[in-house]
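Visitor: Okay, here's the prediction I keep looking at, along with the sequence it came from:
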Number of protein chains: 2
Amino acid sequence: MTDTTTRPATRRREQTRSRLLEAAHAVFAEVGMDAASVEMICERAGFTRGAFYSNFESKDELFLALIAHLAEAKIDEVAVRVRSLAPDALGDLPGAVRQIVGASMAERMEPQLISEIRAQALRDPRMAAAYLGWQTGLRARIAGIIQDVVDTCGMRPRIPVADLAELLLDVSEDTCTRAAMEGRTPHDAGELLNERIERLVSALVDLS
Amino acid sequence: MTDTTTRPATRRREQTRSRLLEAAHAVFAEVGMDAASVEMICERAGFTRGAFYSNFESKDELFLALIAHLAEAKIDEVAVRVRSLAPDALGDLPGAVRQIVGASMAERMEPQLISEIRAQALRDPRMAAAYLGWQTGLRARIAGIIQDVVDTCGMRPRIPVADLAELLLDVSEDTCTRAAMEGRTPHDAGELLNERIERLVSALVDLS
DNA sequence: GTCTATAAGTGGATAGAC
DNA sequence: GTCTATCCACTTATAGAC
């Protein structure tokens, strides 16, 4: 016997939740939080509204759950990327930063969704809290990585490492956002970001 | 006789348009483009929907007109600020930048409205064009100002001046946005921005 | 130029069947 | 757990009065 008896319903429920979150990700990015109807999201996920309201209290709760989900996923992603390139490319700080920060930003509909989340967070304190927590965690992690590289290679940053982390995150976001607006491909955006970060980092950290 | 006969209706019409734009500014910032109803905007401006549709084709056209209006107003504002502080404070680049860029960003509902415009511009090519044109003009103007200061004072920027202008604009926007989310007052945001720009500029331009 | 009235549609959310 | 049917609030946009 499988564990069908212990948690069959719960597993199914989590799958439904997961598919709804995935659909929400796409729909919110495409048309925005307000223009997105619960119906659109359900249709995309292959459910009806009844199923939706059995899993989420409201569209707002879904959006909040999506932010939390993204925060977790993105921070994990950073950890994975770090492990996958730490050994060899330690000396190449710009390259490392782009790999870690940029790649996850330029792909898919990230700029659209992030912009949407920011716009909502500026109006709703609960969403602001969720978004700020995410960003704070991300900044701390990036700062930690930069600190490691700096220590290992004996570099001397001209501004505090925390500032540098924040700066690089902001620049990454803005560059990818503008690239998306200009109709560039994600690959193009990556190139652009690479160059900009290269110039910035080489101006901001001395090799001592 | 006044020129009442030549353009009485036109003057009145422009006043109506202007009041509608002003109301749109507030409502779009408060609830966002999609959640904002034409009725809300009309109510705020003291008109009814009939008057609205006599002046604008649709909500989208109104939003587009608002972007164009803001672009013009903001770029003019920069010019005014520059003239008002150029003579004495030329040596204080961080201070000048904050005065020019920051003040207009931290006040009122600017972060909310800008975020909303960006979110919309990421989905609608027409709005993207309007927004990108605005930003490009603003960047060019800021770059020109920085170049002046740099030349006059014999400073040596460690990255191209165009990059510096873009960077400072991005940092200003992001700082004000985050400050707003954290519930800080516009004054607080100004302080924060000031410090951040101070550190950044002193790390990025050498006094030669 | 601006208002009132209204048409036609879409939204979120619930109740109850299966 | 998920679906069908439905309620009610609210939206955009137009037609015609003033």
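Guide: Here it is on my side, so go on.

Visitor: Just read off the phi/psi values of residue A:184.
Guide: Torsion angles at residue A:184 (phi, psi; degrees, to the nearest 10) stand at phi -70, psi 160.

Visitor: Next one, pLDDT for it please.
Guide: Looking at residue A:184, its pLDDT stands at 94.

Visitor: Run through the residues that contact it.
Guide: By CB atoms under 8 Å, 6 or more residues apart in numbering or on different chains, the contact list for residue A:184 reads residue A:192. The C-beta positions use only the backbone N, C-alpha and C, and glycine is treated the same way.

Visitor: I'd like the next helix or strand past the lowest-mean-pLDDT helix or strand in chain A.
Guide: The helix or strand of chain A with the poorest confidence is helix A:103-106; it has a mean of 59 (mean pLDDT, DSSP states H and E). Of the helices and strands lying after helix A:103-106 in sequence (DSSP states H and E), the nearest is helix A:110-121.

Visitor: how about that following helix, does it get close to chain B?
Guide: Yes: for helix A:110-121, a contact with chain B is found by CB under 8 Å from any CB of the partner chain, at A:111-112, A:115-116, A:118-121.

Visitor: Does that helix pack against any helices or strands, and if so which?
Guide: helix A:8-31, helix A:59-85, helix A:103-106, helix A:125-153, helix A:161-181, helix B:110-121 (3 or more CB pairs under 8 Å, 6 or more residues apart in numbering or on different chains; DSSP states H and E).

Visitor: Can the following helix or strand past the first one be said to contact DNA strand C?
Guide: Going down the chain from helix A:8-31, the next helix or strand is helix A:38-45, by DSSP H and E. Yes: under the criterion of CB under 7 Å from any atom of the strand, DNA strand C is reached by helix A:38-45 at A:38-40.

Visitor: Columns distance to residue A:147 and neighbour count on top of those residues, output as a markdown table?
Guide: Formatted as a markdown table, those follow (distance: CB to CB, whole Å; neighbours: other CB atoms under 10 Å in any protein chain shown):
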| residue | distance to residue A:147 | neighbour count |
| --- | --- | --- |
| A:38 | 44 | 18 |
| A:39 | 48 | 12 |
| A:40 | 44 | 17 |
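
Visitor: Which of those residues sits closest to residue A:100?
Guide: For those, the closest approach to residue A:100 (CB to CB) belongs to residue A:40, at 33.2 Å.

Visitor: Return the distance of the closest one relative to chain B.
Guide: 13 Å (CB to the nearest CB, to the nearest Å).

Visitor: And residue A:167, by the same measure?
Guide: From residue A:167 over to chain B (counting by CB to the nearest CB), the distance is 7 Å.

Visitor: my guess is that residue contacts residue B:197, does it?
Guide: No: between residue A:167 and residue B:197 there is no contact under CB atoms under 8 Å: 11.2 Å.

Visitor: Now the common contact residues for the two.
Guide: Joint contacts of residue A:167 and residue B:197 (CB under 8 Å, 6+ apart) are residue B:171.

Visitor: got the residues of chain A near DNA strand D?
Guide: Counting by CB under 7 Å from any atom of the strand, chain A sits next to DNA strand D at A:9-10, A:12-13, A:15-16, A:46-51, A:54-55.

Visitor: Could you work out the most separated pair of the residues you listed?
Guide: A:10 and A:49 (21.8 Å).

Visitor: So for the two, which sits in the more crowded spot?
Guide: residue A:49 (13 against 9; other CB atoms under 10 Å in any protein chain shown).

Visitor: Model confidence for that one, exactly?
Guide: 95.

Visitor: isn't it right up against residue A:42?
Guide: Yes: using CB under 8 Å, residue A:49 is in contact with residue A:42, at 5.5 Å.

Visitor: Give me the neighbour count for the residue in chain A that DNA strand C sits nearest to.
Guide: Across chain A, no residue is closer to DNA strand C than residue A:37, which sits at 3.3 Å (CB to the nearest atom of the strand). Residue A:37 has 13 neighbours, counted by other CB under 10 Å.

Visitor: how much space between it and residue A:53?
Guide: Using CB to CB, to the nearest Å, residue A:37 is found at 13 Å from residue A:53.

Visitor: Low-confidence stretches in chain A?
Guide: Applying pLDDT under 70 to chain A flags residues A:1-9, A:86-91, A:101-109.

Visitor: how does chain A divide up, domain by domain?
Guide: A:1-56, A:63-206 (automatic domain parsing).

Visitor: ranking these by burial, who's on top?
Guide: A comparison of the domains of chain A by mean neighbour count, using mean count of other CB atoms under 10 Å in any protein chain shown, puts domain A:63-206 on top with a mean of 18.

Visitor: Wondering if that one reaches DNA strand C at all.
Guide: No: remark: domain A:63-206 sits outside contact range of DNA strand C, by CB under 7 Å from any atom of the strand, the gap being at least 10.6 Å.

Visitor: First-to-last residue distance for that domain?
Guide: 43 Å (CA to CA, to the nearest Å).

Visitor: Quick one: distance of that domain to the chain centre.
Guide: Between the centre of domain A:63-206 and the centre of its chain there are 8 Å (CA atoms, centre = their mean, to the nearest Å).

Visitor: Alpha carbons of the host helix or strand of residue A:198, in PDB - could you do that?
Guide: Assigned by DSSP H and E, residue A:198 belongs to helix A:186-204. Only the C-alpha atoms of helix A:186-204 are listed here, as PDB (Å, rounded to 0.1, in the frame of the first residue of the first chain):
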ATOM      1  CA  PRO A 186      16.000  38.300 -22.300                       C
ATOM      2  CA  HIS A 187      19.400  37.400 -23.800                       C
ATOM      3  CA  ASP A 188      19.900  41.000 -24.900                       C
ATOM      4  CA  ALA A 189      18.900  42.200 -21.400                       C
ATOM      5  CA  GLY A 190      21.500  39.900 -20.000                       C
ATOM      6  CA  GLU A 191      24.200  41.300 -22.100                       C
ATOM      7  CA  LEU A 192      23.200  44.900 -21.300                       C
ATOM      8  CA  LEU A 193      23.200  44.000 -17.600                       C
ATOM      9  CA  ASN A 194      26.500  42.400 -17.800                       C
ATOM     10  CA  GLU A 195      28.200  45.400 -19.300                       C
ATOM     11  CA  ARG A 196      26.600  47.800 -16.900                       C
ATOM     12  CA  ILE A 197      27.600  45.800 -13.900                       C
ATOM     13  CA  GLU A 198      31.100  45.300 -15.200                       C
ATOM     14  CA  ARG A 199      31.700  49.000 -15.500                       C
ATOM     15  CA  LEU A 200      30.100  49.700 -12.100                       C
ATOM     16  CA  VAL A 201      32.000  47.000 -10.200                       C
ATOM     17  CA  SER A 202      35.400  47.800 -11.700                       C
ATOM     18  CA  ALA A 203      34.800  51.400 -10.600                       C
ATOM     19  CA  LEU A 204      33.600  50.600  -7.200                       C
END
